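> Quick one: sequence and predicted model below, then my questions.
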Amino acid sequence: MNCLEGWPEGPLGEHTIEYKSRPVIKGQVLANFVTEVPQNKEKECLIEQHTPTPPEQDQVWSLFKDGVSSNEGSSEGLRLVNPEGHEFTYAIKLDFKSTNNETEYEAILAGFRIAKKLGVQHLEVCVDSMLIAGQINGSYESKNEVMVSYLSQEKDLILQFASCKVVHIKQSENKSVDA
């Protein structure tokens, strides 16, 4: 019996319509994919997904900082330079007693926070303290409890950038911030 019998003649009435079920191909596509992609290629794809691409040089911002502690108090100088060469200069006075190293860490923390608020994704931090640069990069170990706390905060903030590199520079290359 035709399922259209008894239906009035209309635009479809004169055509014979047959219904056929579609074969399931999803499982076969998956099976073909698994056999076509070798296991070592899967590992390569995973590594490629998790390997960050280095930023273009014209996307990297530079942060120069200097922290100074004395009997009169502690202060910090920051200079953030965007890829076009525009400079943002900051001077910060700390309201608490701190050592030179603590002031250096405070300066970096302030620089990270400012850079993040400006929407910076790729940052190169230029530090004139070999100790601080080495501790952040992991080549020096921090044993002082206060320094460990600062280092933990630095690492947390670094993770908020797409890329962040801390480099040691000579004090002579940091004169504008020292001033």
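Thanks, I have it. Numbers count the residues shown, from 1 in each chain.
> Would you agree Glu102 falls within a helix?
Yes - looking at Glu102 with DSSP: H, G, I helix; E, B strand; the rest coil, it is inside a helix.
> could you measure it against Met130, distance?
17 Å (Cβ to Cβ, to the nearest Å). Just so you know, the C-beta spots here come from the backbone N, C-alpha and C atoms, and that holds for glycine as well.
> One more: Ser21?
In terms of Cβ to Cβ, Ser21 sits 73 Å off from Met130.
> Between the two, tell me which one has more neighbours.
Higher neighbour count among Ser21 and Met130: Met130, with 13 against 5, using other Cβ atoms under 10 Å.
> ok, and the closest non-adjacent residue to the more buried one?
Nearest residue to Met130, sequence neighbours excluded (Cβ to Cβ, 6 or more residues apart in numbering): His168, at 5.1 Å.
> Could you pull up the residues touching the one you found?
Val127, Asp128, Ser129, Met130, Ala133, Gly134 (Cβ atoms under 8 Å, 6 or more residues apart in numbering).
> Wait, Val125 touches Val60, no?
No - counting by Cβ atoms under 8 Å, Val125 stays clear of Val60, with 10.8 Å between them.
> Now do the strands in the protein.
Here the chain has its strands, by DSSP state E, at 60-70, 73-81, 87-94, 122-127, 163-168.
> Dump these to JSON lines, plus mean pLDDT.
JSON lines is the format used below for the strands of the chain (pLDDT from 0 to 100):
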{"stretch": "strand 60-70", "mean pLDDT": "75"}
{"stretch": "strand 73-81", "mean pLDDT": "78"}
{"stretch": "strand 87-94", "mean pLDDT": "83"}
{"stretch": "strand 122-127", "mean pLDDT": "90"}
{"stretch": "strand 163-168", "mean pLDDT": "89"}
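> want to throw those into JSON lines with distance to Arg113?
Formatted as JSON lines, the strands of the chain follow (distance: least, Cβ to Cβ, whole Å):
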{"stretch": "strand 60-70", "distance to Arg113": "11"}
{"stretch": "strand 73-81", "distance to Arg113": "10"}
{"stretch": "strand 87-94", "distance to Arg113": "11"}
{"stretch": "strand 122-127", "distance to Arg113": "12"}
{"stretch": "strand 163-168", "distance to Arg113": "13"}
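> So for Tyr150, which of those sits nearest?
When these are compared by Cβ to Cβ, strand 60-70 sits nearest Tyr150, at 11.3 Å.
> just wondering, since we're on Gln160, how far is it from Asn100?
26 Å.
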